[in-house]
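Asks: give me a model of this one.
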Amino acid sequence: MSHDESRTGRGSFARPAVLLGALGIVYGDIGTSPLYAFKEAVRAASEGAPPTALAVTGAVSLILWALILIVSIKYAVLILRADNRGEGGIVAMLALLGARHAKPGSWQGILLVVGLIGAALLYGDGAITPAISVLSAVEGLKVDAPGLSRFVLPITIAILIGLFLVQSKGVAFIGRIFGPVMLVWFIVLALLGIGGILQAPQILTAVNPMRAVEFLLHAGWHVSFAMLGAAFLAVTGGEAMYADLGHFGAGPIRISWFGLVLPCLVIHYFGQGGLLLAEPDAIENPFYRLSPDWAHYPLIGLATLATVIASQAIISGAFSLTQQSIQLGFLPPMRVVHTAHHERGQIYVPMVNWLLAAATLTAVMVFQTSDALAGAYGIAVASLMAITTLLAALVALKWGYNPVAVVVLNGFFLAIDCVFLAANSVKLFEGGWFPLLLAGLVAFLMLTWLKGTRLVEQARVALRQPEPVFLDQLRRNPPLILPGRAAFLSSATSGIPLHMSRFVERSHALHKRILIVTALYEEAPSVPRAERAEVSAVTPDITRLTLHYGFMEDASIPEGLQCAVQAGKLPAEFLEDLTIFIGHETIIPKSDDRGMAEWREGLFAFLLRNAERTGAHFCVPTRQLVEVGTEIEI
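Replies: Got it, this is the predicted structure:
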């Protein structure tokens, strides 16, 4: 049993339903790459001229070995081992490395910045993937009916708008058809590919990697770089293997890849190559030219459905990434809606949905064709893959693997990532700037929020009374004792919450029984209910309750109180008529050298004002909630 499987409890056996689910969610993106990847690679190699046999076989060989080296060996065999108690993705990896608490300027602080940039790149990828996938599918209309070209853009926009509109309804029903549709899709890919191979069996010589090497060495660096950048489109989506690890486990993901997805993709790319060897003029759209005339329109329908599934997987991934980032303190609290309470991954984040919709539709309207979008696609994913390889090496070193083996192996794959990144960088001004701009904005907001919350906590520490001082004041000036029980939410596990001391100061009163509650997000994806609550007594009438949650869980104060009562750590009467006090903090930007620039502190204050209310974030019923205002200068 592998390292990841041994800890998640998943064996090598995978049920058919799980394998089908992995097909729909994990492989939607990479599975729709044949719509545009091979075409762009051959075009880049041919520089506008009719494709030569050397260019065609070189492109097929390059794509084949990219799938083997990057997706099969790096991701399927190696990266899937770097799980955080069964969860994958770059945010889970950052949590595993403990980078969240890194000091600014330290190597861990630099690592945190790099990791957050990697997470932000996923949003850039998320805006481009639906645009290029759906657009390339709908462009099949131009093969049989060039007169329909003017309808391609409106149809694409309508499909994407519909896709984003249904997110609030949940995707449980759609999710059930993901796997079967993608199974049909991959089978169709293989059948089309076999037809193309039969037209020109000599394409099978592309199995030899020297076909790719020979072309790249003799084509000139400009053409070689362009071809490498275009061929990289065939492996975009491979990162979903790691991001969706927590949903399916490494076993089903590997079985689906090696047992079905990889063979079907390879056969299909060879089929497109065989078609171009036999009919060089098919370069306009080799994917649709592979099919018989009678199958064009059904194939357009199937391709469109497959690209919608691929887009849905990307959107759901953005929601999941946002939830993890919020829990770990990288993004401000946002409203997260659970659309299917029996499934943890079924969530909807309205703010992210509409921002992603705006970015995707902007990409479609700005670039207008899949050919133009190909220039924008790839650079974000190539950067993300390089960052993932680097972080995976650090995880391996942390786990005690042989440093020489780690450096050699990860260094080899990092070199490959850097070659593809350099090749994609030449597309910067052709559209690569678009996802990088989006990623840059998200990364800046993440870093601003992270820095701002640290400054606020520093200000709280300076203002927060130590427990002995507060208790001494209560003895010297006894407050009016109010009947009932009160809970004060605190961000720290020591000291008196600001709004509690402010409440006593202004009202000269305090409830008879007090509970100071702190909810902490751990570096693990989840925390067992039995380990949720930790209780300690401050005085006979004041109790401190610390609740522990994983970064894939929702921190619910009522649920945490129930856990504490069920474990016998709190008396049951604490759940009766409990008033919960939270602090409502107003940030005052201050121009000094201790914090951020004043305009950036203003941005942080704006984010805080528009974040989800603390009570809603911690699932506190409104009827139990009382807010106490506090001004904090940073």
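Asks: from now on I want contacts and neighbour counts done on CA atoms only, so please keep to that.
Replies: OK.
Asks: check the offset of the host helix or strand of Ala306 from the chain's centre.
Replies: Applying DSSP states H and E as the criterion places Ala306 in helix 296-327. In terms of Cα atoms, centre = their mean, to the nearest Å, the centre of helix 296-327 is set 12 Å apart from its chain centre.
Asks: kindly report the same for stretch 132-148.
Replies: 29 Å.
Asks: need the contact list for the nearest residue to Thr236 once chain neighbours are set aside.
Replies: Ranked by Cα to Cα, 6 or more residues apart in numbering and with sequence neighbours excluded, the top spatial neighbour of Thr236 is Ile30, at 5.9 Å. Ile30 makes contact with Ala234, Val235, Thr236, Gly237, Gly238, according to Cα atoms under 8 Å, 6 or more residues apart in numbering.
Asks: including neighbour count and distance to Pro435, could the residues you listed go into JSON lines?
Replies: Listed next are these as JSON lines, based on neighbours: other Cα atoms under 10 Å; distance: Cα to Cα, whole Å:
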{"residue": "Ala234", "neighbour count": "29", "distance to Pro435": "18"}
{"residue": "Val235", "neighbour count": "23", "distance to Pro435": "17"}
{"residue": "Thr236", "neighbour count": "27", "distance to Pro435": "14"}
{"residue": "Gly237", "neighbour count": "22", "distance to Pro435": "15"}
{"residue": "Gly238", "neighbour count": "24", "distance to Pro435": "18"}
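Asks: would you mind measuring from the residue nearest to Thr236 to Phe258?
Replies: Remark: distance between Ile30 and Phe258 (Cα to Cα, to the nearest Å) = 14 Å.
Asks: isn't Val527 right next to Gly550, touching?
Replies: Yes: using Cα atoms under 8 Å, Val527 makes contact with Gly550 at a distance of 5.4 Å.
Asks: any stretches of the stretch 1-150 of the chain with poor pLDDT?
Replies: 1-14, 105 (pLDDT under 70).
Asks: now the helices: where do they sit in it?
Replies: Per DSSP state H, counting those that start in this stretch, the stretch 1-150 of the chain carries helices over the ranges 3-8, 16-25, 28-31, 37-46, 53-66, 90-97, 107-138, 141-144, 149-165.
Asks: same question for the stretch 451-600 of the chain.
Replies: 467-476, 498-507, 557-566, 598-610.
Asks: for the stretch 201-350 of the chain, same thing?
Replies: Counting by DSSP H, counting those that start in this stretch, the helices of the stretch 201-350 of the chain are 210-218, 221-231, 240-243, 245-248, 250-256, 262-278, 286-289, 296-327, 350-367.
Asks: got CSV for those, with mean pLDDT too?
Replies: CSV is the format used below for those (pLDDT from 0 to 100):
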stretch, mean pLDDT
helix 210-218, 90
helix 221-231, 88
helix 240-243, 88
helix 245-248, 80
helix 250-256, 91
helix 262-278, 96
helix 286-289, 93
helix 296-327, 89
helix 350-367, 94
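Asks: with distance to Ala145 as added columns, please give those in JSON lines.
Replies: Output for the helices of the stretch 201-350 of the chain, formatted as JSON lines (distance: least, Cα to Cα, whole Å):
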{"stretch": "helix 210-218", "distance to Ala145": "35"}
{"stretch": "helix 221-231", "distance to Ala145": "27"}
{"stretch": "helix 240-243", "distance to Ala145": "35"}
{"stretch": "helix 245-248", "distance to Ala145": "42"}
{"stretch": "helix 250-256", "distance to Ala145": "36"}
{"stretch": "helix 262-278", "distance to Ala145": "21"}
{"stretch": "helix 286-289", "distance to Ala145": "13"}
{"stretch": "helix 296-327", "distance to Ala145": "11"}
{"stretch": "helix 350-367", "distance to Ala145": "21"}
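Asks: domain parsing for this protein?
Replies: Residue ranges for each domain of the chain read 17-452, 464-633, as given by automatic domain parsing.
Asks: now render these as a markdown table, adding distance to Gln458.
Replies: Shown next, in a markdown table, are those (distance: least, Cα to Cα, whole Å):
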| stretch | distance to Gln458 |
| --- | --- |
| domain 17-452 | 10 |
| domain 464-633 | 10 |
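Asks: for the protein, longest strand please?
Replies: strand 509-521 (DSSP state E).
Asks: now for that strand, which elements pack on it?
Replies: strand 480-489, helix 498-507, strand 542-549 (3 or more Cα pairs under 8 Å, 6 or more residues apart in numbering; DSSP states H and E).
Asks: among the ones you listed, which is nearest Val406?
Replies: Taking Cα to Cα, strand 542-549 is the member of those nearest to Val406, at 32.2 Å.
Asks: sorry, back to before: so can I have JSON lines of the helices of the stretch 201-350 of the chain showing distance to Ser556 and mean neighbour count?
Replies: Converted to JSON lines, the helices of the stretch 201-350 of the chain look like this (distance: least, Cα to Cα, whole Å; neighbours: other Cα atoms under 10 Å):
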{"stretch": "helix 210-218", "distance to Ser556": "55", "mean neighbour count": "17"}
{"stretch": "helix 221-231", "distance to Ser556": "46", "mean neighbour count": "24"}
{"stretch": "helix 240-243", "distance to Ser556": "25", "mean neighbour count": "23"}
{"stretch": "helix 245-248", "distance to Ser556": "22", "mean neighbour count": "21"}
{"stretch": "helix 250-256", "distance to Ser556": "30", "mean neighbour count": "23"}
{"stretch": "helix 262-278", "distance to Ser556": "42", "mean neighbour count": "26"}
{"stretch": "helix 286-289", "distance to Ser556": "50", "mean neighbour count": "25"}
{"stretch": "helix 296-327", "distance to Ser556": "12", "mean neighbour count": "22"}
{"stretch": "helix 350-367", "distance to Ser556": "20", "mean neighbour count": "18"}
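Asks: what about those, which gets the closest to Leu515?
Replies: helix 296-327 (23.0 Å).
Asks: taking helix 107-138 as reference, get the angle to that closest one.
Replies: 160 degrees (axes from the mean of the first three to the mean of the last three Cα atoms, to 10 degrees).
Asks: from the contact counts, what lies against helix 296-327?
Replies: Helix 296-327 packs on helix 16-25, helix 28-31, helix 90-97, helix 107-138, helix 141-144, helix 172-199, strand 347-348, helix 350-367, going by 3+ Cα pairs under 8 Å, 6+ apart.
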